[in-house]
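Asks: Sequence plus the predicted model coming up.
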Amino acid sequence: MTTENRAHWLAEEQKLDERLYEAMNPGGEKAVGRLAKQNKRPVRELIADLIDPGETFFELSRLAGFGVDYPDGIDDVPCGGVVTGIGRIHGNWTMIIGNDSRVKAGTYFPITLKKHIRAQAIAENCGLNCVYIADSGGAFLPMQADVFPDDGHFGSMFYNMARMSAKGIKQVTLSTGGNTAGGAYIVFMACQAVMIDKLAYSFLGGPPLVKMATGEVISAEDLGGANVHTGISGGADRFCGDQAEAIEAVREILSLEPPQSINVHRYQESPPAVPQDSIYDLMPAAIHQGIDVRTILETFSDDSYFIEYKKNYAVGRGDNIVAGKIRIKGIPVGVIASNAVGIIFVEAARKAAEWIVRCNQEKIPLLFLQNAPGYMVGSESEHMGMGKYGADMVRAVSCSKVPRVQLVIGPDNGAANYGMSGRAYRPDFLFSTMRARTGVMSGRSAAGVLLSIEERKRESQGKPMSEEEKENFRQKMIEKYDGEAHPFFCGSRLLNDAVLKFGEIRDWLGMAFEVSLLREIEDPSFGNFRF
């Protein structure tokens, strides 16, 4: 069976590779050729030169924008039209946000804004300096009502820049193309802005609008080119001859930033004692098959070592959540992990809430390894206080002050999504794997509930369903709910920060905990528990 598991997940990750290639290469070689004619390189090549040599760029939300079904027949916005991610510049973790002008000239769709603002939220929360590689046509005008006037729309990007700058979080913009109207503020709101001669432009209204509004006829260069803003208006700070010089200018601006340090004692890093790729054998291909989560932890924790909390408590019910401590790349981490089939019983909820509180008291970060189809239902569970203790788990997560990371490795349904620090509970990072299924319930469960409702409705109308109609309805609902729970669907809508291969888990968790621990951990303060 382990060989079958490995083959299954390698095939699934091949599908992920194919989707990522499509996302990261919009327009193919023709688009790269068009950039070359403008003396430009693709944004990811610029980022590779911007970060320190040999360092990894942890690119976020690469699946964003597929199947969004926007006006003008736009079904896909590859990568959301913007590249976001975290890399080291002079040793310091830095958030990088770069427009990909190959996608609709870098214009902002709703998904582009959501991705850009999510990256800013991570940066502000963790205290990461930001570099913006600006080359954008501004808002996608056919959807102006969805991208311009509201909170979370275009203006929020500049609001965030101002607030981060006020906190001492550097905002540096490299303008490597045109930035018009609201997009110009990416240049003007920066702590320092770098512009490239005869390549970068920034103006509140471009030449066509200026002519229409004032009758003035002027070129883009004379209106808002690099010479204008570095030598006349003062709207930018560094004048560069080409992209390579501009990259070095940005690195120089950040070269004297104080070195970062994490707010927890870091131990000597050790690799796992078991082969890291053994996770491919251990992870069942069947989504709802039970997992011995302790063996999964061994594949990415230092020395494969796990100190378990209350191991003997209510075996068979309490151990459907496993709690304890591991180290990841030397960083101590508290773990709350779904075990077996993952259903959360009363005893498991009690243990989880208690462990969240204890980790907050010790000020160590939390990893939620999510594989839970929900809290246990039924009269016995209700009478034992499932709602009450599940609510305590939700309270503990909501009020937790330590960094939290969620990694979804299986079913992620119902209120278990809440108690295990799902998206609404604002974990510092949320990652999925190809085994993740995030939805209110499984397709099979949803189909059963909705079919019973449809049957009653049809009977009340005097039109009972045939067996064939029932089966067709059931299959339609299974496809809908399972499709919307798939990591591709969730990733396209930014319901996670990245879809990871099993072999990437350790490196990404190491980055996530290190970055999230750059902020100072507050003293714990919890709401009214019902213990």
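Replies: That came through fine.

Asks: Roughly how far does S101 sit from Q38?
Replies: S101 sits 9 Å away from Q38, going by C-beta to C-beta, to the nearest Å. C-beta coordinates here come from the backbone N, C-alpha and C atoms, glycine included.

Asks: Could you do S338 as well?
Replies: Separation of S338 from Q38 (C-beta to C-beta): 50 Å.

Asks: Looking at S101 and Q38, which is more packed in?
Replies: Between S101 and Q38, counted using other C-beta atoms under 10 Å, S101 has the larger neighbour count: 26 against 12.

Asks: Can you say which helix or strand has the more buried one in it?
Replies: Using DSSP states H and E, S101 sits in no helix or strand.

Asks: Pull the contacting residues for it.
Replies: S101 is in contact with 35, 40, 43, 135-136, 177, counting by C-beta atoms under 8 Å, 6 or more residues apart in numbering.

Asks: Average pLDDT for stretch 293-303, rounded please.
Replies: Averaging pLDDT along stretch 293-303 gives 98.

Asks: So what touches it?
Replies: Contacts with stretch 293-303, where a contact means C-beta under 8 Å, 6+ apart, come from 267, 269-279, 282-283, 304, 306, 308, 322, 326-330, 335, 337-339, 369, 371, 409, 502, 505-506, 509.

Asks: Just the buried positions in it, please.
Replies: Neighbour counts using 16 or more other C-beta atoms under 10 Å place 293-302 of stretch 293-303 among the buried residues.

Asks: Repeat that for stretch 440-449.
Replies: Residues of stretch 440-449 classed as buried by neighbour count (16+ other C-beta under 10 Å): 441-443, 445-447.

Asks: can those go into JSON lines with extra columns for pLDDT, secondary structure and distance to G65?
Replies: Formatted as JSON lines, these follow (pLDDT from 0 to 100; DSSP: H, G, I helix; E, B strand; the rest coil; distance: C-beta to C-beta, whole Å):
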{"residue": "M441", "pLDDT": "85", "secondary structure": "coil", "distance to G65": "26"}
{"residue": "S442", "pLDDT": "85", "secondary structure": "coil", "distance to G65": "26"}
{"residue": "G443", "pLDDT": "83", "secondary structure": "helix", "distance to G65": "24"}
{"residue": "S445", "pLDDT": "87", "secondary structure": "helix", "distance to G65": "29"}
{"residue": "A446", "pLDDT": "86", "secondary structure": "helix", "distance to G65": "26"}
{"residue": "A447", "pLDDT": "86", "secondary structure": "helix", "distance to G65": "29"}
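
Asks: which one is A485 nearest to, not counting chain neighbours?
Replies: Excluding its sequence neighbours, the residue lying closest to A485 (C-beta to C-beta, 6 or more residues apart in numbering) is G439, at 3.5 Å.

Asks: right, and that neighbour touches P487 too?
Replies: No. The criterion here is C-beta atoms under 8 Å, and G439 misses it with P487 at 11.3 Å.

Asks: circling back: any idea how far G290 is from the residue nearest to A485?
Replies: Distance, G439 to G290, by C-beta to C-beta: 20 Å.

Asks: between the two, which one's more packed in?
Replies: A count of neighbours by other C-beta under 10 Å puts G439 above the other of G439 and G290, at 22 against 16.
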